[in-house]
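Enquirer: model the following, please.
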Amino acid sequence: SQDKKYAHYVRDMLLEYAELYPTIDVHPKRKVKSQNPGKLFWQSLNEAVWLVHTIQAYDAVLPALSAEDRHVIEQGALRPVALFLSEESPNTFNKVHNHGTWATCAVGMTGYVLGEDEWVEKSLYGLDKTGTGGFMRQLDELFSPEGYYNEGPYYQRYALMPFVTFAKAIENNQPERKIFEHRGQVLLKAIEATAQLSY
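Expert: Below is the predicted model of the structure:
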């Protein structure tokens, strides 16, 4: 709509997060042994889901933000959350599992928006960029050749969102990677497999 009231709504919300985030430690309700904790939420998975949605909103309103507001939001919220999900949560970030997918998607998309190429590479190939973790390994190991997701139909629906969202960001920013061609178009097959698994 180009109506700035919507951009200002997003800006004001993100300025609140930028003020809050540096003041909090890991969530007090975290499950100490079974999950990596979050800060805003009890597990880092929720933090990653939050950032996947938030970075898209931020990208949409960027042209309407002042340089000062961009600086505050990026330094207070977006960058710290991305670093928390990657460098500070290596076990989840490098995991071949839906939690790892949400984290790599969140950090990779944030890397594209903030111009952090290193974050994109780490999201694609793991923190050490060797391919032992990251989005590409997840694509290689979490789907059958026909597109069936190894955590089952429920998780197929849940995990497909970050897979497709990040792949679309890759395609928009680096079409030369031909992400939708990877492994015989496994992501497109995964979408079709999801429809086939529907009741």
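
Enquirer: pLDDT score assigned to Asp140?
Expert: With respect to pLDDT, Asp140 has a value of 97.

Enquirer: for the record, mean pLDDT for stretch 158-178?
Expert: On average, stretch 158-178 scores 97.

Enquirer: that stretch: which residues count as buried?
Expert: Going by neighbour count (16 or more other C-beta atoms under 10 Å), the buried part of stretch 158-178 is 158-167, 169-170, 173. Quick note: C-beta positions are derived from backbone N, CA and C, even for glycine.

Enquirer: those in strands, which ones?
Expert: Using DSSP state E, no member of the buried residues of stretch 158-178 falls in strands.

Enquirer: which two from the residues you listed end up farthest apart in space?
Expert: Maximum pairwise distance among the buried residues of stretch 158-178 (C-beta to C-beta): 24.5 Å, between Tyr158 and Asn173.

Enquirer: which helix or which strand is home to the residue lying closest to Ala82 once chain neighbours are set aside?
Expert: Of all residues not flanking Ala82 in the chain, Thr110 sits nearest, at 4.5 Å (C-beta to C-beta, 6 or more residues apart in numbering). Assigned by DSSP states H and E, Thr110 belongs to helix 98-114.

Enquirer: state the pLDDT value of Glu88.
Expert: The score at Glu88 is 95. That number is its pLDDT.

Enquirer: next one: Gly111
Expert: 98.

Enquirer: separation between the residue nearest to it when sequence neighbours are not counted and Ala195?
Expert: For Gly111, ignoring the flanking residues on the chain, the nearest one in space by C-beta to C-beta, 6+ apart is Trp119 at 3.1 Å. Distance, Trp119 to Ala195, by C-beta to C-beta, to the nearest Å: 33 Å.

Enquirer: more crowded one of those two?
Expert: Using other C-beta atoms under 10 Å, the more surrounded residue of Trp119 and Ala195 is Trp119, with 24 against 7.

Enquirer: residues in contact with the more buried one?
Expert: 82, 86, 107-108, 110-111 (C-beta atoms under 8 Å, 6 or more residues apart in numbering).

Enquirer: mind doing that once more with 10 Å?
Expert: Trp119 makes contact with 79, 82-83, 86-87, 104, 106-113 under the criterion C-beta atoms under 10 Å, 6 or more residues apart in numbering.

Enquirer: list the buried residues for whatever helix or strand Leu20 lives in?
Expert: Leu20 is part of helix 4-20 when elements are defined by DSSP H and E. Within helix 4-20, the residues scored as buried using 16+ other C-beta under 10 Å are 7, 10-11, 14-15, 17-18.

Enquirer: for those residues, which one is nearest Gly133?
Expert: Closest to Gly133, out of all of these and judged by C-beta to C-beta, is Tyr17, at 27.3 Å.

Enquirer: what's the pLDDT at the spatially most central residue of the chain?
Expert: Among the residues of the chain, Ala106 comes closest to the average C-alpha position under C-alpha atoms, centre = their mean, at 1.7 Å. At Ala106, the model reports a pLDDT of 98.
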